[in-house]
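> 3D, please:
(one chain, ligands or ions: 3)
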Amino acid sequence: MAIFFVNPVNLIQTMTMALDLAVDGVSLHQKRTAIICCHLAEKLKMSSTDEQSLLSAALMHDIGAASSYEERKRLADSRNTEWGEKESIYSHAENGYDLLKSSRSFDHLAEIVRCHHDAWDGGNPSGLCKSSIPLAARIIHLADRIEINTKKSGPMLYNCEPVRKIIKDYSGTQFDPSLVDVFFDCSKKESFWLDLTLPDKSSTLNARLNMGSAHFTTEDLLNVAELFATIIDRMSRFTATHSRSVSGVAVFLAGYCGFSKNELYMMRIAGLLHDLGKLSIPNAVLEKPGSLTAQEQLIVRQHTYYTYRILEQIEHLNQVAEWAAWHHETLDGAGYPFRLDEDSLTLGARIMAVADIFVALTENRPYRKKLPKETIMRIMKTMVENNKISGRLVELLFDHFQEAGMVVQTMEDWAGEHRDSY
Ligand SMILES: [Fe+2]
Ligand SMILES: [Fe+2]
Ligand SMILES: [Fe+2]
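Ligands and ions are numbered 1, 2, ... in the order given. Modelled structure (predicted):
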């Protein structure tokens with residue numbers, strides 16, 4: 001397997017964009033929170049290692065809510081410091097802790113994420129208070145509330161005084177008073193606020209994240225893909241192992257097509273991330289028991305576009321982006337979102353489409369049970385006849401139907417065994 005190195009800054013910034021996806025675009029809540037953290041870190045003169053952890057954690061601090069679109073919306077809409085039920089604000093922090101703890105690349109951020117809503121004066125499930133709460137968590141807690149209370153429409157500088165007042169009211173109870181002082185100091189600058197209007201242009205964030213960054217290996221990349229596959233698959237109980245199963249079947253087919261070891265590795269990552277853009281779809285749509293309305297179908301159609309736009313930004317992953325994101329394109333050019341046809345659809349993309357359809361038909365859905373072999377074969381044959389998917393690949397799949405079914409079964413058994421941690 002060819003080993004290559006990925007810039008973690010590029011990877012973290014890009015992948016965490018998926019966590020801010022919404023039906024109407026990208027909210028950028030976490031990115032803006034990270035930009036605010038940059039300003040605070042600069043004043044605090046943090047070491048570059050501590051700063052890197054702070055900014056990486058800020059970019060994914062709400063990762064524990066990512067599997068629930070509705071929960072993410074609720075968090076983003078909760079103004080001031082009134083979050084309703086106390087436990088409900090902590091549950092996504094706990095989930096985030098569990099997810100990151102089990103990820104080899106990000107386990108050092110788990111504790112920060114767990115404490116990112118801890119109140120300065122205590123009463124937190126962590127049992128921590130005041131300076132025993134990790135500094136990075138205290139900073140993110142403050143930055144998160146500044147971001148949430150900053151209005152997303154109207155002139156940005158109108159926010160300065162109202163937000164400063166809210167934060168001051170909770171100094172010493174919710175927030176570390178010394179950090180509130182730092183905030184008052186750096187938020188005198190207009191640029192503190194105006195940086196939030198151009199989050200993609202924030203050279204401050206890029207420069208600071210880049211300082212002394214180590215590289216991620218291909219193996220780390222796979223770990224990150226697995227972390228996101230877990231988040232995506234948790235969105236619906238009907239698709240608890242979908243990404244892993246599609247990944248497994250796609251690798252299985254690619255192996256028969258003579259893909260190299262390195263290509264198989266890339267196919268594995270592509271399969272894990274093929275539905276990354278699903279994080280833009282409300283769970284109510286994914287779990288709907290009946291058929292989708294025309295409008296809901298349009299929302300679903302967004303997902304592969306986002307998968308592509310996110311993955312194409314990561315170095316070395318151009319091919320992965322295509323294999324992953326073109327799985328709803330069809331050979332007759334009537335698929336989505338790019339309306340590609342057989343002239344542009346590569347073998348890797350065709351494999352992913354066949355793997356995705358096969359796995360979907362073998363899974364239970366809110367509106368139907370998993371289908372028997374004969375029905376699956378009939379549906380897929382009709383798709384071949386209508387020039388939707390590759391006949392050669394479907395034939396290959398049918399020749400190894402039982403083995404492909406075993407790949408899916410193995411994933412389901414694995415998920416059953418890991419029910420608590422998965
Ligand atoms: Fe949060
Ligand atoms: Fe947040
Ligand atoms: Fe999909």
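> tell me the domain boundaries of this protein?
Annotated domains of the chain cover 8-210, 218-417 [automatic domain parsing].
> now do the last one, average pLDDT.
The average pLDDT for domain 218-417 rounds to 94.
> all strands for the protein, in order.
For the chain, applying DSSP state E gives strands covering 21-22, 25-26.
> give the contact list for Ile269.
Contacts for Ile269 (Cβ atoms under 8 Å, 6 or more residues apart in numbering) come out as 221-222, 225, 247, 317, 320, 324. For glycine as for every other residue, the C-beta is placed from the backbone atoms N, C-alpha and C.
> same question, Arg114
Contact analysis of Arg114 by Cβ under 8 Å, 6+ apart lists 93-94, 96-97, 126, 137.
> what about it, distance to ligand 2?
14 Å (Cβ to the ion, to the nearest Å).
> same question, Tyr336
31 Å.
> identify the residue nearest the closest residue to ligand 2 within the stretch 101-250 of the chain in space, chain neighbours excluded?
Taking Cβ to the ion, ligand 2 has its nearest neighbour within the stretch 101-250 of the chain at Asp144, 4.2 Å off. Excluding the flanking residues, the one nearest Asp144 by Cβ to Cβ, 6 or more residues apart in numbering is Thr33, at 5.1 Å.
> residues contacting that neighbour?
Shown in contact with Thr33 (Cβ under 8 Å, 6+ apart): 58-59, 61, 140, 143-144, 147.
> pLDDT and neighbour count added to the residues you listed, as CSV?
Listed next are those as CSV, based on pLDDT from 0 to 100; neighbours: other Cβ atoms under 10 Å:
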residue, pLDDT, neighbour count
Ala58, 95, 31
Leu59, 93, 27
His61, 95, 30
Ile140, 98, 29
Ala143, 98, 26
Asp144, 96, 22
Glu147, 95, 23
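> what's around the nearest residue to Ala254 once chain neighbours are set aside, how many residues?
In this structure, Ala254 finds its nearest non-sequential neighbour in Met267, 4.8 Å apart by Cβ to Cβ, 6+ apart. Neighbour count of Met267, defined by other Cβ atoms under 10 Å: 27.
> next: Gly258.
Number of residues near Gly258 (other Cβ under 10 Å) recorded here: 8.
> next: Arg365.
Residues near Arg365, counting by other Cβ under 10 Å, number 16.
> bridge partners for it, pull those for me.
Arg368 (DSSP bridges).
> my guess is it meets Ser236, correct?
No - using Cβ atoms under 8 Å, Arg365 is not in contact with Ser236, being 9.3 Å away.
> hang on, isn't the residue nearest to Ala254 packed against Ala250?
Yes - at 5.3 Å, Met267 counts as touching Ala250 under the criterion of Cβ under 8 Å.
> quick one, helices of the stretch 301-422 of the chain?
For the stretch 301-422 of the chain, the helices defined by DSSP state H, counting those that start in this stretch cover 303-311, 318-325, 347-362, 373-385, 391-399, 401-417.
> for those helices, which one sits closest to ligand 2?
Of these, the one closest to ligand 2 (Cβ to the ion) turns out to be helix 303-311, at 19.6 Å.
> so how far is that closest one off the chain centroid?
Put simply, helix 303-311 sits 11 Å off its chain's centre (Cα atoms, centre = their mean, to the nearest Å).
> next, the buried residues of it.
Within helix 303-311, the residues scored as buried using 16 or more other Cβ atoms under 10 Å are 303-311.
> what angle separates it from helix 318-325?
Helix 303-311 and helix 318-325 are oriented at 160 degrees to each other (axes from the mean of the first three to the mean of the last three Cα atoms, to 10 degrees).
> residues in contact with helix 303-311?
14-15, 17-18, 21, 273-281, 317, 320-322, 324-328, 336-338.
> then stretch 157-164?
By Cβ under 8 Å, 6+ apart, stretch 157-164 touches 146, 149-151, 183-184, 187, 190, 193-194.
> with distance to ligand 2 added, can I get the helices of the stretch 301-422 of the chain in CSV?
As requested, those are exported to CSV (distance: least, Cβ to the ion, whole Å):
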stretch, distance to ligand 2
helix 303-311, 20
helix 318-325, 27
helix 347-362, 32
helix 373-385, 42
helix 391-399, 43
helix 401-417, 28
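> export those helices as JSON lines, with columns for distance to Gln174.
Shown next, in JSON lines, are these (distance: least, Cβ to Cβ, whole Å):
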{"stretch": "helix 303-311", "distance to Gln174": "33"}
{"stretch": "helix 318-325", "distance to Gln174": "41"}
{"stretch": "helix 347-362", "distance to Gln174": "45"}
{"stretch": "helix 373-385", "distance to Gln174": "54"}
{"stretch": "helix 391-399", "distance to Gln174": "56"}
{"stretch": "helix 401-417", "distance to Gln174": "38"}
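> which stretches in the stretch 51-200 of the chain count as helices?
Going by DSSP H, counting those that start in this stretch, the stretch 51-200 of the chain shows helices at 69-77, 86-101, 110-114, 135-149, 160-169, 177-186, 190-194.
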